[in-house]
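Colleague: Build me a model from this:
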Amino acid sequence: IFKFLGAISVDLGKDRIKPYLVTILTPLYRELNSNYAEQDPTLKNLSQEIIDLLKKLVGLEAFSLAFSSVQKQANQKRAMRKKQRALQTVANPDIAARRKLKRHKNKAETRKRKIEALRPMHKAKRHRGHALKDLAMVE
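Modeller: As a prediction, this is how the structure comes out:
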């Protein structure tokens, strides 16, 4: 897709690409600023190359305006998601409590995995699934 966006940009030229600049920059910006674990470095390099190509093609001023608009939209979306999450915590405390418990459980499991990786002889304590409180009928 990124190669296609770059090819279309070059094909359209300086004047005809300007209305579509924000649309083209949105996925490129998202890929550059993503920080998930299984990120492909070739994809990040490709998006940076296409951004440089667009910068040369349309000029620094037009590119800067479009890029800042994309950044602003991304920051607004991020802030809105954060606000909705905070509102959901107040509106649905049971869902928020479940999410928090799940997060703490995952954090503990991650810590145990790291300990086992660093010290293979040491086995971290695992949760035993047949404790009395696990067998109790809790609503």
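Colleague: in what helix or strand does the closest residue to Thr26 other than its chain neighbours lie?
Modeller: Leaving aside its sequence neighbours, Thr26 sits nearest to Val70 (C-beta to C-beta, 6 or more residues apart in numbering; 5.5 Å). The way it works is simple: take the backbone N, C-alpha and C, and place the C-beta from them, glycine included. Remark: Val70 resides in helix 60-91, with elements defined by DSSP states H and E.
Colleague: about what we covered before: can you tell me how far the residue nearest to Thr26 is from Ile1?
Modeller: 16 Å (C-beta to C-beta, to the nearest Å).
Colleague: Need the phi and psi values for the residue nearest to the spatial centre of the chain.
Modeller: Most central in the chain under C-alpha atoms, centre = their mean is Ser34, positioned 4.7 Å from the mean C-alpha point. According to degrees, to the nearest 10, the main-chain angles of Ser34 amount to phi -70, psi 150.
Colleague: got it, and Asn92?
Modeller: phi -130, psi 80.
Colleague: before we move on, what about Met121?
Modeller: phi -70, psi -30.
Colleague: So what's the residue count around it?
Modeller: Other residues lying near Met121 total 5 when counted by other C-beta atoms under 10 Å.
Colleague: residue boundaries of the helices in this structure?
Modeller: 2-17, 21-33, 41-58, 60-91, 93-118, 132-135 (DSSP state H).
Colleague: Going by neighbour count, list what's buried in the third one.
Modeller: Spelled out, it's helix 41-58. Along helix 41-58, the positions that meet the burial threshold by neighbour count (16 or more other C-beta atoms under 10 Å) are Leu46, Ser47, Ile50, Ile51, Leu54, Leu57, Val58.
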